[in-house]
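J.: Can you look at this prediction? I've put the sequence above it.
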Amino acid sequence: MTVTTADRLSSTFAALGDPTRRAIVERLAEGEATVNELAEPFAMSLQAVSKHLKVLEKAGLVVRTRSAQRRPARLAAGALGEAGRWLEGYQAFFEESYERLEEHLAGPEERSRPTPDRSKSNERGRGTP
């Protein structure tokens, strides 16, 4: 991983660390929106929403365009894609951790119970002793 990629990941995760910004990203996943549209569900000023958008822009998660008087924001896939690929590298770790947790939660009686040997039961069904 290059320093630039590490810096971008740090910016991405820092920007996504705030629940308001995550909600904005979720909303923009549905399509572009203006600051007014993004501010509707929040009890905060337009200026505060604009500040959140600037953080998302700086992290490369959001792009703002100009269309006459409108300045809609939309998601930029690059930074999210990089974060997703980085997280995918840990998928095997997560799966193994969940498997160990399941075994632990099953309790000692489940772990010590012998599993049936299906190959022998299949052989008996075919007429072999």
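T.: Looks like it arrived, so ask away.
J.: Mind jotting down where the helices sit in the chain?
T.: 3-16, 19-28, 35-39, 46-58, 77-88, 91-112, 118-125 (DSSP state H).
J.: In terms of pLDDT, where does the residue nearest the centre of the chain sit?
T.: For the chain, the residue sitting closest to the mean C-alpha position, by CA atoms, centre = their mean, is Gly84 at 6.7 Å. Gly84 is assigned 88 on the pLDDT scale.
J.: where in this protein is pLDDT low?
T.: 1-5, 108-129 (pLDDT under 70).
J.: switch to 90 and redo it
T.: 1-8, 65-71, 77-81, 84, 86-87, 89-129 (pLDDT under 90).
J.: Determine which of the helices of the chain approaches Thr65 most closely.
T.: Nearest to Thr65 among the helices of the chain is helix 46-58; the distance by CB to CB comes to 11.4 Å. Using the backbone N, CA and C atoms, a C-beta is placed for each residue, glycine as well.
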